[in-house]
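**Q** Coordinates for the following, if possible.
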Amino acid sequence: MIGLRRGPHITRYYMYNCLQKLGQNLQLKPGRVLSVSHSDKLASLFGIEANEMVSADYPEHNFLSLNFPDSSFDYVISDQVLEHVEGDPYKAVSECHRILRPGGISVLTTCFINPIHACPKDFWRFTPDALSLLHQDWSEIIEVGGWGNFATWSIIQDGLRFTGVPNAKWHPLHKIAMHNDPLWPIVTWIIARK
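**A** Predicted coordinates for the structure are as follows:
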């Protein structure tokens, strides 16, 4: 892999590529963004031009009761946070809905098949269907998906989980990172409009 340009690591590569393309296709307007627990990078990747980026980082902020007025953001971004919510995940999603302006968009990524990873604790796992259910009262689900495959676990077992995937399509790590088996989602995501 020496000399090859690399992207995100294997459990993010496909998902981030999908989200980046989706953001480009949505032709997003600039707006006020809430970044939940260090999710600023995902906002940029998704193509959101922030007029203002507000951080709601744990433990100063609680995803279950965000200290912001109703309808105060155009976007809410949460990258790999929902599984760590100590309480009802539906309430966290409802808080996103509450603080979004009408027509506002939530970008939420999380995991399904994943080892326990305490930050500080690990409580939940979500299928794409579960994410849809949590967003059933939203006006539109723009995209819901997942990525994973059984072969990824051998890469993780070999200690390469956090190695950036080469952007070279011929590379074996790239091929595994781009193969998606819907029966083995490691990460899941949803884009929803209020």
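**Q** Check the secondary structure at residue 16 for me.
**A** helix (DSSP: H, G, I helix; E, B strand; the rest coil).
**Q** what residue lies at the spatial centre of this structure?
**A** residue 109 (2.1 Å; CA atoms, centre = their mean).
**Q** Give me the distance from stretch 35-46 to the chain's centre.
**A** 9 Å (CA atoms, centre = their mean, to the nearest Å).
**Q** er, stretch 185-194 actually
**A** 6 Å.
**Q** For residue 157, give its distance to residue 150.
**A** Plainly put, residue 157 is 12 Å away from residue 150 if you go by CB to CB, to the nearest Å. In this view, the C-beta of every residue, glycine as well, is placed from N, C-alpha and C.
**Q** Could you check how many residues crowd around the closest residue to residue 74 other than its chain neighbours?
**A** Nearest residue to residue 74 in three dimensions, chain neighbours excluded: residue 31, at 2.8 Å (CB to CB, 6 or more residues apart in numbering). Neighbours of residue 31 under the rule other CB atoms under 10 Å: 17.
**Q** Report the beta-bridge partners for residue 190.
**A** Residue 190 forms beta bridges with residue 108, residue 144, as assigned by DSSP bridges.
**Q** show me the contacts for the residue nearest to the centre of the chain.
**A** 15, 19, 42, 78-80, 187-189 (CB atoms under 8 Å, 6 or more residues apart in numbering).
**Q** Same question for residue 152.
**A** 10-11, 176-177, 184, 186.
**Q** Columns neighbour count and secondary structure on top of the residues you listed, output as TSV?
**A** Compiled in TSV, the contacts of residue 152 are given as follows (neighbours: other CB atoms under 10 Å; DSSP: H, G, I helix; E, B strand; the rest coil):
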residue	neighbour count	secondary structure
10	25	coil
11	22	coil
176	19	helix
177	27	helix
184	17	coil
186	23	coil
